[in-house]
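A.B. asks: From the sequence below, what's the structure:
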Amino acid sequence: MTTTSRRASRPRTRRTPVLVAAGVVAGAVALGLAAAGSTMAVLSASQTVPGATITAGSLGLIVNGSASAALGAYSVVPGTPQARAFTVTNTGTTAADLTTTIAVSSSDPIKDNMRARVTAVADAGACVPNLTGAQGALHGYSSSGYATVEAGESVVVCLELALHDATPIAQAGQSASFTATVSATQRDR
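C.D. replies: Numbers count the residues shown, from 1 in each chain. Just a heads-up that it's a prediction; the model follows:
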């Protein structure tokens, strides 16, 4: 007799299709998340603005109504300073801070005993000796930021000259020629 061996067949479970379906869903979710996380849009737009014009401002100075001015002779003795007023006008279109520098062109020793002070004042009548402001040696004197002059406006400046109290008598009668230069720098806004 022949015996046939039969394997016992196992009933097919539903676990395999469920695992396959779960794997497919998990893969789809992962793929969807990856795609959603890396999706970006770069947007841009532009518009033309017609008719724009940029114009540079200007800055110009005149002293006592002209490009340069003589202040005349000063006659100073120790302890008796003298002051002279002059008007600085801004002919430009922007406000400016003023600076004055002085250079002596004489070689007489008296130049080493001369002192200067520059101060802005309300009017020429207010230009008198011993005003406030820094006083320094005439040669190389520099004073900056002592006044601001608006566009189209004027300011009165007082230049005071003095001799040091210890000026030697041997320097009597000596003189010193100098040039005072007033310059303007556009005011920071």
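A.B. asks: CA atoms for contacts and neighbours, from now on please.
C.D. replies: Will do.
A.B. asks: residues touching residue 64, list them.
C.D. replies: Counting by CA atoms under 8 Å, 6 or more residues apart in numbering, residue 64 touches 86-89.
A.B. asks: Ramachandran angles for it?
C.D. replies: phi 50, psi 40 (degrees, to the nearest 10).
A.B. asks: Equivalent analysis for residue 48, please.
C.D. replies: Residue 48 has phi and psi values of phi -90, psi 130 when expressed as degrees, to the nearest 10.
A.B. asks: Can you report how many residues neighbour it?
C.D. replies: A count of neighbours around residue 48, defined by other CA atoms under 10 Å, yields 5.
A.B. asks: now it: how far from residue 54?
C.D. replies: Distance, residue 48 to residue 54, using CA to CA, to the nearest Å: 16 Å.
A.B. asks: How far does stretch 61-73 stretch from one end to the other?
C.D. replies: 23 Å.
A.B. asks: Now that stretch: buried residues?
C.D. replies: For stretch 61-73, the neighbour count (16 or more other CA atoms under 10 Å) marks 61-64 as buried.
A.B. asks: Tell me the one of those nearest residue 179?
C.D. replies: residue 63 (13.3 Å; CA to CA).
A.B. asks: If we only consider the buried residues of stretch 61-73, which is nearest to residue 136?
C.D. replies: residue 63 (22.6 Å).
A.B. asks: for the closest one, which residues make a bridge with it?
C.D. replies: Counting by DSSP bridges, residue 63 is bridged to residue 66, residue 88.
A.B. asks: In the protein, what residue spans correspond to helices?
C.D. replies: 15-37 (DSSP state H).
A.B. asks: could you show me where the strands are in it, in order?
C.D. replies: 61-63, 82-90, 96-104, 114-121, 135-137, 142-149, 154-163, 178-186 (DSSP state E).
A.B. asks: Sounds good, over and out.
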